[in-house]
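*Asks:* Sequence first, then the predicted structure, then my questions.
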Amino acid sequence: MPNDNVKNLCETTRVKLKEATAKMELFLNHHSLEQLNTETDPAMDEFYRAYLQDTRHLLVFAEVAYEKLGVSLRRPQFNLDYSEKVLYDVYHNCVNNFFYPKNECYSEDGRYAYTGQDAIRFRKKPSRLVRDLTIELSKIFEELREDLTYYETDYITKRRMQGEKI
């Protein structure tokens, strides 16, 4: 991919990650486990605990990627290899961690993607706050997934053809 395309992709990815991290930080800074689980149901307590854990992990991955993209864009000479590696990491660490969370509090159901409905399906019925945050984030990470799909396969193939281990 030409330098200008990669640089533009780094810039747009960085903007989207900043938006996602801002939403996650705001949510995590203002909502606790006790506030979310108003029913005092042990199953919901476990659900929210897992959801908050996944959100914190995703926030860390997104913040690290945001910083790496900033480093990439601030360099006097744009380093194509480093930038492509960072974009690959964004795809695998951020996008994949959003759509395939460790605790599986929600999942993406592709059957709904073409119907105009939300493709996110929750394991348990969450509060409106949790649902809204997840749907907002899904739109951001869906855009990132579309933008960075190249890095899922072609980047790895390119590196392997150059004899590198990934």
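*Replies:* Okay, I see it.
*Asks:* Let me know the pLDDT of residue 45.
*Replies:* Confidence at residue 45, expressed as pLDDT, is 89.
*Asks:* What helix or strand is it located in?
*Replies:* Using DSSP states H and E, residue 45 falls within helix 42-74.
*Asks:* Show me what that helix is packed against.
*Replies:* In this structure, helix 42-74 packs against helix 3-30, helix 33-36, helix 80-89, helix 96-99, helix 128-148, with contacts taken as 3 or more C-beta pairs under 8 Å, 6 or more residues apart in numbering; DSSP states H and E. The way it works is simple: take the backbone N, C-alpha and C, and place the C-beta from them, glycine included.
*Asks:* Turn those helices into a markdown table, including distance to residue 42.
*Replies:* Shown next, in a markdown table, are those (distance: least, C-beta to C-beta, whole Å):
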| stretch | distance to residue 42 |
| --- | --- |
| helix 3-30 | 22 |
| helix 33-36 | 12 |
| helix 80-89 | 37 |
| helix 96-99 | 26 |
| helix 128-148 | 17 |
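*Asks:* The ones you listed: lowest mean pLDDT?
*Replies:* Among those, helix 33-36 carries the lowest mean pLDDT (a mean of 84).
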